[in-house]
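Participant: From the sequence below, what's the structure:
(chains A and B)
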Amino acid sequence: MDQRPALSVTGSGDSLVLSASGNWTVLEAERLDNEIGQVLKVPGGVRRVDIDLSGIDRFDTAGAWLIHRTARELIKGGAEVAYTGIGPSREILLGEVEKSDHEPAPPRKSPPIVLQMVEDTGNVVIESGRDLAKLTELLGNSLIIMVSFVFKPWKFRLTSITFHLEYMALRAVPIIALISFLIGGIILQQGAYQLRYFGAEILSIDLAGILVLREIGLILTAIMVAGRSGSAITAEIGSMKMREEIDALQTLALDPVEVLIVPRMIALIIAMPLLTFVADMAALTGAGLVAWIYIDMPPASYIPYLRNAVEVNTFLVGLIKAPFMALVIGMIACLEGLQVQGSAESLGRQTTASVVKAIFMVIVLDGLFAMFFAAIDY
Amino acid sequence: MQPPAAKGAGDSAGENREAIVRARGIKVGFGATNIIDGLDLDVYRGEVLGVVGGSGTGKSVLLRTLVGLLPRRGGTIEMFGVDVDSANTEERRAVERRWGILFQQGALFSSLTVKQNIQVPMREHLQMPQALMDELAELKIAMVGLNPDAADKFPSELSGGMIKRASLARALALDPDLVFLDEPTSGLDPIGAADFDDLISKMRETLGLTVFMVTHDLDSLFSICDRVAALGNKKILVAGDLKTVIENPDPWIQEYFRGKRARGMAARISRS
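Facilitator: Okay, the predicted model is just below:
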């Protein structure tokens, strides 16, 4: 290993001898690269170069490449090149290297950045359009299957639905109850704090009640479900897609939409209103607790006050929206799952996209509902 | 290539050669069971050693243990004359730099292109100008028989055979002395597999490569392996040239080498 590699030039006139010595290995490649750079600056007019390899101690492909490259450059410069002191195995190696030397493939062309941006924007728009079309197709497909259960009830996958319900609904209860409880308390506390200036502390209960039942309970639940169940659905379906399990289903004459997607959709549509109810109750409990501590309103008077402050339709507005949110989250999650390609990164990318798109759509949909309910004055 | 058994010298000739891997009394297990127990194995410089065995006999476990990916319960491993247990970090790094590994699924880094994959060991272990790294990476790509345009592709854009080749190119990036191949020809069509065998034997000839190959491919065994080690009963049943192995009376070996798929070739070797 201590054999320092070197390349020395001897000879004169139009004929030179390059003598290589030492270890010509990949470990020394950097130094050799520099040295060759020096040697190649020999004056023009050289007609014959002998490359003497007999001094080389260890020789590997990197060394062979450097020798070959030197020879190639010299030949390009108009010289005749011959190897001397080359053993049979080194000759094979040099031959291999020579055979493998061809023009590198042209680098992939990338258009100018402005054009790239325009192209990317266009692609995103087109992609969104396609997404919408696919979403509609999937929705229609699932609805047809759901309706067909009425006529073919034996096709209803109760086991599968129950299984998903356990994960999506039951196991989500603690976390959803907890965050809703906290948010309910925070809303009441903030409301009371701000309304105190107007001497209208008591109205913070109206505020918390209406806000929680109409919007917050549902939105919190939807966001939590999108993050929890939506991502799980995408990952499950995506990994099945990745390992060709979806293709296997199809070849077994089974419809992936019926087997995989519809049970999850149904479970989600059942789970969402239940979870929203849990969230509502937890938030109102949290608000009640804060009311007791913060504005001295014991539960015995908080509950009757709340009953007057909110009406049944306020409570129903939140619950009516829940199944639609479930539908949106489930559709997006399944669609993203089906769009997973062969690699694990694509699975990660689609799962992220699923959660982001689902949360975005939940909020958009909630806005539409707000306008709708305002218009019908409900 | 001529069948290696034509040399006819048997394993005794190997005794004098330098063993670059020397494993003694290896014991590896998971949970309550030992997969490998008291295994001895030598790999000699410049040979192609084929490791065969039924599924579950621990071929891949052996490979992973030798390169230090699995913990041992006992035994010693000497690599290039260095006892891997007593070696310090630096010595161990030096040893690791002298081997290359081709994993069964390729294990190419999926976020890097083929060229970048090959350059990873160069970049991490050596200081080399980018231009030279590019040239060397392109050289390796060509040497393993990939098209030049594969250089800028990502692993997800490659077919199974191309992944194996790209992965071999990465294993050879630092011109190692020893390569471990985990089922290099599995998943390749016969032509691709034969090409791969050729490639390995050519590398061995030109680079003086030593090859440790776990394989199921009888063609590979017959065409490029100098020695064969058969795993079974938690140890090496027999190691030696093909003739020695084929003539071993162990029922699994008999079934493996005398089965329908192997009969022709095995018969030829026995006669020779």
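Participant: Touching, A:V46 and A:A79? I think so.
Facilitator: Yes. Between A:V46 and A:A79 a contact is recorded at 5.1 Å, counting by CB atoms under 8 Å. In this view, the C-beta of every residue, glycine as well, is placed from N, C-alpha and C.
Participant: what do those two both touch?
Facilitator: With contacts defined as CB atoms under 8 Å, 6 or more residues apart in numbering or on different chains, no residue is adjacent to both A:V46 and A:A79.
Participant: What segments of the stretch 201-350 of chain A are strands?
Facilitator: Secondary structure of the stretch 201-350 of chain A by DSSP state E, counting those that start in this stretch: no strands are present.
Participant: For it, which residues are neighbours of chain B?
Facilitator: Counting by CB under 8 Å from any CB of the partner chain, the residues of the stretch 201-350 of chain A close to chain B are A:Q341, A:G342, A:S343, A:A344, A:E345, A:S346.
Participant: tell me, how many neighbours does the second one end up with?
Facilitator: So that's A:G342. By the criterion of other CB atoms under 10 Å in any protein chain shown, A:G342 has 14 neighbours.
Participant: Kindly report the same for B:A169.
Facilitator: 28.
Participant: how about the strands in chain B?
Facilitator: For chain B, applying DSSP state E gives strands covering B:19-30, B:33-44, B:48-52, B:74-79, B:82-83, B:99-102, B:178-182, B:210-214, B:227-232, B:235-240.
Participant: Next, format the ones you listed as TSV and append mean neighbour count and distance to A:L32.
Facilitator: As requested, those are exported to TSV (neighbours: other CB atoms under 10 Å in any protein chain shown; distance: least, CB to CB, whole Å):
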stretch	mean neighbour count	distance to A:L32
strand B:19-30	18	26
strand B:33-44	19	30
strand B:48-52	26	30
strand B:74-79	18	27
strand B:82-83	14	27
strand B:99-102	23	21
strand B:178-182	23	24
strand B:210-214	25	25
strand B:227-232	24	36
strand B:235-240	19	40
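Participant: Can you list the low-confidence ranges for the chain?
Facilitator: Let's take chain A. Applying pLDDT under 70 to chain A flags the ranges A:1-3, A:41-45, A:104-105.
Participant: looking at chain B here, not the other one
Facilitator: Residues of chain B that meet the criterion pLDDT under 70 lie in B:1-16, B:260-272.
Participant: Mind doing that once more with 80?
Facilitator: B:1-17, B:54-56, B:187-188, B:203, B:205-208, B:257-272 (pLDDT under 80).
Participant: what angle sits between the longest helix anywhere in it and strand B:48-52?
Facilitator: Counting by DSSP state H, the longest helix found in chain B is helix B:190-207. Put simply, helix B:190-207 runs at 140 degrees to strand B:48-52, going by axes from the mean of the first three to the mean of the last three CA atoms, to 10 degrees.
Participant: hmm, who's touching helix B:190-207?
Facilitator: For helix B:190-207, contacts defined as CB under 8 Å, 6+ apart pick out A:60-61, A:89, A:92-93, A:96, B:1, B:46, B:48, B:143-145, B:161, B:164-165, B:168, B:172, B:175, B:179, B:181, B:184-185, B:188, B:209-211, B:213, B:217, B:219-220, B:223-224.
Participant: ditto for stretch A:167-181
Facilitator: Contact with stretch A:167-181 is made by A:212, A:216-217, A:220-221, A:224-225, A:228-229, A:232, A:267-268, A:270-271, A:274-275, A:278-280, A:282-283, A:285-286, as judged by CB under 8 Å, 6+ apart.
Participant: any idea how far A:V212 is from A:M146?
Facilitator: Here A:M146 is placed at a distance of 31 Å from A:V212 (CB to CB, to the nearest Å).
Participant: Pretty sure A:G22 sits against A:G55.
Facilitator: Yes. Using CB under 8 Å, A:G22 is in contact with A:G55, at 7.3 Å.
Participant: Please identify which of these two sits among more neighbours.
Facilitator: Taking other CB under 10 Å, A:G22 and A:G55 do not tie; A:G22 has more neighbours (19 against 16).
Participant: pull the CA atoms of the helix or strand that contains that one into PDB?
Facilitator: For A:G22, the enclosing helix or strand under DSSP states H and E is strand A:15-24. Output in PDB follows, covering the C-alpha atoms of strand A:15-24 (Å, rounded to 0.1, in the frame of the first residue of the first chain):
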ATOM      1  CA  SER A  15       9.100   9.300 -29.300                       C
ATOM      2  CA  LEU A  16       8.300   9.200 -25.600                       C
ATOM      3  CA  VAL A  17       8.200   6.500 -23.000                       C
ATOM      4  CA  LEU A  18       5.700   6.800 -20.200                       C
ATOM      5  CA  SER A  19       6.600   4.500 -17.300                       C
ATOM      6  CA  ALA A  20       3.900   3.800 -14.800                       C
ATOM      7  CA  SER A  21       4.900   2.500 -11.400                       C
ATOM      8  CA  GLY A  22       3.400   1.900  -8.000                       C
ATOM      9  CA  ASN A  23      -0.200   1.000  -7.100                       C
ATOM     10  CA  TRP A  24      -2.600   2.100  -9.800                       C
END
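Participant: What residues sit buried inside that strand?
Facilitator: Within strand A:15-24, the residues that count as buried by 16 or more other CB atoms under 10 Å in any protein chain shown are A:L16, A:L18, A:S19, A:A20, A:S21, A:G22, A:N23, A:W24.
Participant: Quick check: bridge partners of the fourth one?
Facilitator: It refers to A:A20. Beta-bridge pairing for A:A20 (DSSP bridges): A:L7.
Participant: check contacts around it.
Facilitator: Here A:A20 is in contact with A:P5, A:A6, A:L7, A:I51, A:D52, A:L53, A:G55, A:I56, A:I67 (CB under 8 Å, 6+ apart).
Participant: Kindly report the same for the first one.
Facilitator: In this structure, A:L16 makes contact with A:V9, A:T10, A:V42, A:V46, A:R48, A:V49, A:D50, judged by CB under 8 Å, 6+ apart.
Participant: What distance do you get for A:R108 to chain B?
Facilitator: To chain B, A:R108 is 6 Å away according to CB to the nearest CB, to the nearest Å.
Participant: So that residue: helix, strand or coil?
Facilitator: When classified by DSSP: H, G, I helix; E, B strand; the rest coil, A:R108 comes out as coil.
Participant: what about the residue nearest to it when sequence neighbours are not counted, how many residues close to it?
Facilitator: Using CB to CB, 6 or more residues apart in numbering or on different chains and skipping residues adjacent in sequence, the residue nearest A:R108 is B:D152, 5.6 Å away. Look at B:D152: counted by other CB under 10 Å, it has 16 neighbours.
Participant: Spit out the contact partners of B:D152.
Facilitator: By CB under 8 Å, 6+ apart, the contact set of B:D152 is A:A105, A:P107, A:R108, B:T113, B:V114, B:K115.
Participant: Could I get these in JSON lines, plus columns for distance to B:G53 and neighbour count?
Facilitator: Conversion of the contacts of B:D152 to JSON lines gives the following (distance: CB to CB, whole Å; neighbours: other CB atoms under 10 Å in any protein chain shown):
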{"residue": "A:A105", "distance to B:G53": "41", "neighbour count": "16"}
{"residue": "A:P107", "distance to B:G53": "45", "neighbour count": "8"}
{"residue": "A:R108", "distance to B:G53": "44", "neighbour count": "9"}
{"residue": "B:T113", "distance to B:G53": "36", "neighbour count": "20"}
{"residue": "B:V114", "distance to B:G53": "32", "neighbour count": "28"}
{"residue": "B:K115", "distance to B:G53": "36", "neighbour count": "21"}
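Participant: List the contacts of stretch A:371-378.
Facilitator: Against stretch A:371-378 from outside (CB under 8 Å, 6+ apart): A:N313, A:V317.
Participant: give me the residue from the stretch 151-300 of chain A nearest chain B.
Facilitator: Per CB to the nearest CB, A:M242 is where the stretch 151-300 of chain A lies closest to chain B, at 10.9 Å.
Participant: Might one say that that residue is in contact with A:A344?
Facilitator: Yes. A:M242 is in contact with A:A344 according to CB under 8 Å; the separation is 7.5 Å.
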